[in-house]
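K.L.:
Show me the folded form of this:
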Amino acid sequence: MSLPAPVAEEFVEGNFLGLPEQGGTPDIVILQVPYELTTSYGQGTALGPSACIEASGQVELFDPILGEDLPAGYKIKTAEPWNGEGGNLRKQLDGISNYLAPWFDGHKFPVILGGEHGILPSIINAAGGHPLVNGDFSQLTLVQIDAHADLRQELNGEPFSHACAASRAMDFGLKHLYQVGIRAFSKHEYERIQTDDDVTTFFASDIHSSSNSSWGSWIETLTSIEGPVHLTIDIDGLDGSLVPATGTPVPGGLTFWQIIETIQELFSASKATVISMDVNEIVPQKDTPLTQFTAAMIATKGIIHHIDNRRNGKWADTSEDNNIQNNHVFDKNYFEKL
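P.N.:
Presented below is the predicted three-dimensional model:
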């Protein structure tokens with residue numbers, strides 16, 4: 001006979017993991033971005049963040065890495081969702097950046113739930129204000145789990161399509177882009193992958209090769225990353241059987257445990273600091289909560305490893321670091337001016 005999953009002493013509907021909020025400055029903040037303007041196949045990502053929050057209430061709070069239930073002595077805040085204001089696409093991208101930017105202060109760890117992957121440029125823009133980036137985007141590395149390369153210059157005439165998310169992120173002058181799970185891409189994207197020294201891609205076909213898997217090389221690559229990192233997880237990076245309700249499910253993807261190992265190794269990299277993460281392209285599944293529950297578990301694993309980093313002294317609070325003079329001037333209308 002199976003026992004029901006344990007619940008927190010006080011379960012709060014609408015909070016990630018159902019955890020009650022504590023007073024004071026949060027250590028981790030859950031940010032919901034129900035954005036959906038450029039999806040090109042399946043619809044429903046605007047409902048993804050709230051569905052993920054709801055599903056998270058069924059995620060176990062205990063993890064052996066921490067040895068105790070979440071929040072494990074730390075403060076996790078579920079912020080109010082982005083309000084969706086903006087008369088056009090670029091104004092909405094600015095609105096998302098404005099919503100996110102205050103949380104990149106060097107103390108808090110933002111966990112962003114989407115929404116379509118078109119939110120990525122807004123996230124990177126907001127991350128420029130983090131003290132470890134300080135407006136110098138050449139310090140920031142992007143690690144992308146995805147089925148799609150997202151390196152198009154435009155799709156149907158729109159340069160800010162979700163299919164261009166990584167391309168627009170790289171426009172900021174990032175240090176490097178590392179991709180894994182990629183198995184859907186155009187000729188132009190493939191050519192860029194082959195020629196751009198700032199892009200390293202691990203294709204799903206090579207990961208799953210029975211004779212010469214590149215998985216070990218991927219793990220070695222993660223451990224060698226240095227400096228601030230943003231981790232972006234499009235859940236269609238998982239095999240389509242695990243997330244059938246995502247916007248564009250693709251067969252032949254990563255396993256759940258490969259995603260978890262990627263998170264673990266990245267957060268453990270001795271010279272890297274994961275300053276933020278997002279989980280996107282979440283679409284509520286009607287017949288089963290598998291898709292949104294999987295997304296909630298992935299986000300939770302990121303939180304667990306972040307807390308582990310704080311405990312082990314690997315996360316330095318840079319919000320009040322007198323040695324860092326923050327000269328970054330955040331432009332609230334960045335995308336509208338492009």
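
K.L.:
Dead centre of the chain: give me the residue that sits there.
P.N.:
D278 (1.8 Å; C-alpha atoms, centre = their mean).

K.L.:
H230 reaches I124, doesn't it?
P.N.:
Yes - using C-beta atoms under 8 Å, H230 is in contact with I124, at 6.7 Å. For the C-beta atoms, the positions are set from N, CA and C on the backbone; glycine is no exception.

K.L.:
Which stretches in this protein count as strands?
P.N.:
Along the chain, counting by DSSP state E, strands occupy 28-33, 62-63, 68-69, 76-78, 109-114, 141-145, 176-182, 199-203, 227-234, 272-280.

K.L.:
most tightly surrounded among these?
P.N.:
Mean neighbour count (mean count of other C-beta atoms under 10 Å) peaks for strand 109-114 among the strands of the chain, with a mean of 27.

K.L.:
Please name whichever of the strands of the chain is nearest to S241.
P.N.:
Minimum separation from S241 across those (C-beta to C-beta) falls at strand 176-182, 14.0 Å.

K.L.:
would CSV of the strands of the chain with distance to E220 and mean pLDDT be doable?
P.N.:
Formatted as CSV, the strands of the chain follow (distance: least, C-beta to C-beta, whole Å; pLDDT from 0 to 100):
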stretch, distance to E220, mean pLDDT
strand 28-33, 29, 98
strand 62-63, 25, 98
strand 68-69, 32, 97
strand 76-78, 32, 98
strand 109-114, 25, 97
strand 141-145, 14, 98
strand 176-182, 12, 98
strand 199-203, 11, 98
strand 227-234, 16, 98
strand 272-280, 13, 98
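
K.L.:
Take those strands and lay them out in TSV including distance to G84.
P.N.:
Output for these, formatted as TSV (distance: least, C-beta to C-beta, whole Å):
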stretch	distance to G84
strand 28-33	9
strand 62-63	33
strand 68-69	34
strand 76-78	17
strand 109-114	13
strand 141-145	25
strand 176-182	28
strand 199-203	32
strand 227-234	21
strand 272-280	16
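
K.L.:
Let me know whether the residue nearest to the centre of the chain touches G114 as I believe.
P.N.:
Yes - counting by C-beta under 8 Å, G114 is a contact partner of D278 at 6.2 Å.

K.L.:
and for the two, which residues touch both?
P.N.:
With contacts defined as C-beta atoms under 8 Å, 6 or more residues apart in numbering, no residue is shared by D278 and G114.

K.L.:
Could you double-check that D206 lies in contact with S214?
P.N.:
Yes - under the criterion of C-beta under 8 Å, D206 is in contact with S214, at a separation of 4.2 Å.

K.L.:
Give the buried residues for stretch 148-165.
P.N.:
Neighbour-count burial for stretch 148-165, with 16 or more other C-beta atoms under 10 Å as criterion, is recorded at 148-152, 155, 158, 160-165.

K.L.:
now the biggest helix by length in the chain and strand 272-280, what's the angle there?
P.N.:
Counting by DSSP state H, the longest helix found in the chain is helix 290-311. Interaxial angle, helix 290-311 versus strand 272-280 (axes from the mean of the first three to the mean of the last three C-alpha atoms, to 10 degrees): 160 degrees.
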